[in-house]
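Engineer: Take this sequence and fold it.
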Amino acid sequence: MSAVRLFDVYRGSQIGEGKKSMAYCLTYQAPDKTLTDAEAAQIRNRIVKRLAQEVGAKLRS
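Structural biologist: Residues are numbered from 1 along each chain as shown. Modelled structure (predicted):
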């Protein structure tokens with residue numbers, strides 16, 4: 001991953017009391033090749049899993 005940028009934070013009744021929705025822009029980049037869709041998805045899945053384990057984050061659909 002070469003960049004992470006928080007671009008929106010939302011708090012409101014649709015999210016739930018004491019919670020917030022945070023939107024990030026993530027840039028995945030390999031120094032030697034173009035990532036395939038499968039490789040990018042694998043990176044994203046690892047990030048989501050780690051955030052869930054470490055801070056209880058949940059991906060909104």
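Engineer: Just give the number of residues close to R11.
Structural biologist: R11: 13 surrounding residues under other C-beta atoms under 10 Å. (Glycine included, C-beta is placed from N, CA and C.)
Engineer: Ok, S21 next?
Structural biologist: 14.
Engineer: what sits against it?
Structural biologist: D8, V9, Y10, R11, I15, R60 (C-beta atoms under 8 Å, 6 or more residues apart in numbering).
Engineer: all strands in the chain, in order from the N-terminus.
Structural biologist: Assigned by DSSP state E, the chain shows strands spanning 3-10, 21-27.
Engineer: Out of the ones you listed, which one sits most buried?
Structural biologist: strand 21-27 (a mean of 11; mean count of other C-beta atoms under 10 Å).
Engineer: Let me know the angle separating that one from strand 3-10.
Structural biologist: Interaxial angle of strand 21-27 relative to strand 3-10 (axes from the mean of the first three to the mean of the last three C-alpha atoms, to 10 degrees): 160 degrees.
Engineer: Partner strands of strand 21-27 and their direction?
Structural biologist: strand 3-10 (antiparallel) (DSSP bridges).
Engineer: Could I get the CA-only coordinates of the strand it pairs with as PDB?
Structural biologist: What follows is strand 3-10, C-alpha atoms only, in PDB (Å, rounded to 0.1, in the frame of the first residue of the first chain):
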ATOM      1  CA  ALA A   3      -1.200   5.800   0.400                       C
ATOM      2  CA  VAL A   4      -4.100   6.100   2.800                       C
ATOM      3  CA  ARG A   5      -6.400   9.100   3.000                       C
ATOM      4  CA  LEU A   6      -9.400   9.600   5.200                       C
ATOM      5  CA  PHE A   7     -11.900  11.600   3.200                       C
ATOM      6  CA  ASP A   8     -15.200  11.500   5.100                       C
ATOM      7  CA  VAL A   9     -16.500  10.900   8.700                       C
ATOM      8  CA  TYR A  10     -20.200  10.600   9.300                       C
END
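Engineer: So what's the gap between that strand and the chain middle?
Structural biologist: 9 Å (C-alpha atoms, centre = their mean, to the nearest Å).
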